[in-house]
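**Student:** sharing a model that was predicted from the sequence below.
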Amino acid sequence: MGEVMDWAALKERLEKARSAGKKVVFTNGCFDILHRGHIECLRQARLHGDLLVVGLNSDASVTRLKGAGRPILAQDDRSAVLSALEFVDYVCIFNEDTPLELILALKPHVLVKGGDYKASEVVGAAEVESWGGHVALIELVPGASTSGLVARINASQRPK
């Protein structure tokens, strides 16, 4: 079972892990309503190294990115669910709109994002590559998105 940690504690923990030869993988997102697409992305991300760190957008960050009414689930609930997954080692909440500052602090070996991105579009890609790491893009599960799920839930609640 993974741990939810603050930046400073996680940075220290990862420095020790790297000293022991562990390969650190990082991915990030809102993970508002966990679905199969998230699970597959996280499972595949973990295959790229020894430790998987998930940067989780804070509630304020999700609202700025996704708009009013989001997140559906609070950051404490989202982080608890993510940290319970067997392939997630650490969850770290960030309040910024992008995870760049967190990536710079944690210095992962591998930065993972979904295949809807091009490597050149991934926030932090140039920085990770500058210290010898790389970007891995994970194939998406067709039709699996939180926005689509929220739209279906909302549509089912409309009076007929």
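**Tutor:** Okay, I see it. Numbering: from 1, shown residues only.

**Student:** ok, residue 136 to residue 122 distance?
**Tutor:** 10 Å (CB to CB, to the nearest Å). To be clear about C-beta, it is placed using only N, CA and C from the backbone, and glycine gets the same treatment.

**Student:** ok, the residue most central in space within the chain - contacts?
**Tutor:** By CA atoms, centre = their mean, the mean C-alpha position of the chain lies nearest to residue 28, the distance being 2.1 Å. Counting by CB atoms under 8 Å, 6 or more residues apart in numbering, residue 28 makes contact with 54, 55, 56, 57, 94, 99, 102.

**Student:** ok, of these, which come out buried?
**Tutor:** 54, 55, 56, 57, 94, 99, 102 (16 or more other CB atoms under 10 Å).

**Student:** and these, which is closest to residue 76?
**Tutor:** residue 56 (10.1 Å; CB to CB).

**Student:** in what helix or strand does that closest one lie?
**Tutor:** Element membership for residue 56, per DSSP states H and E: strand 51-57.

**Student:** what residues sit buried inside the helix or strand that that strand is followed by?
**Tutor:** As assigned by DSSP H and E, the chain's next helix or strand after strand 51-57 is helix 59-66. For helix 59-66, a neighbour-count test (16+ other CB under 10 Å) marks 59, 61, 62, 66 as buried.

**Student:** what is the orientation angle of helix 59-66 with strand 51-57?
**Tutor:** Per axes from the mean of the first three to the mean of the last three CA atoms, to 10 degrees, the angle that helix 59-66 makes with strand 51-57 is 70 degrees.

**Student:** could you say what helices and strands the helix or strand just after helix 59-66 packs with?
**Tutor:** For helix 59-66, the following helix or strand on the C-terminal side (DSSP H and E) is helix 75-83. If you count contacts as 3 or more CB pairs under 8 Å, 6 or more residues apart in numbering; DSSP states H and E, helix 75-83 packs onto strand 3-4, strand 51-57, strand 90-94.
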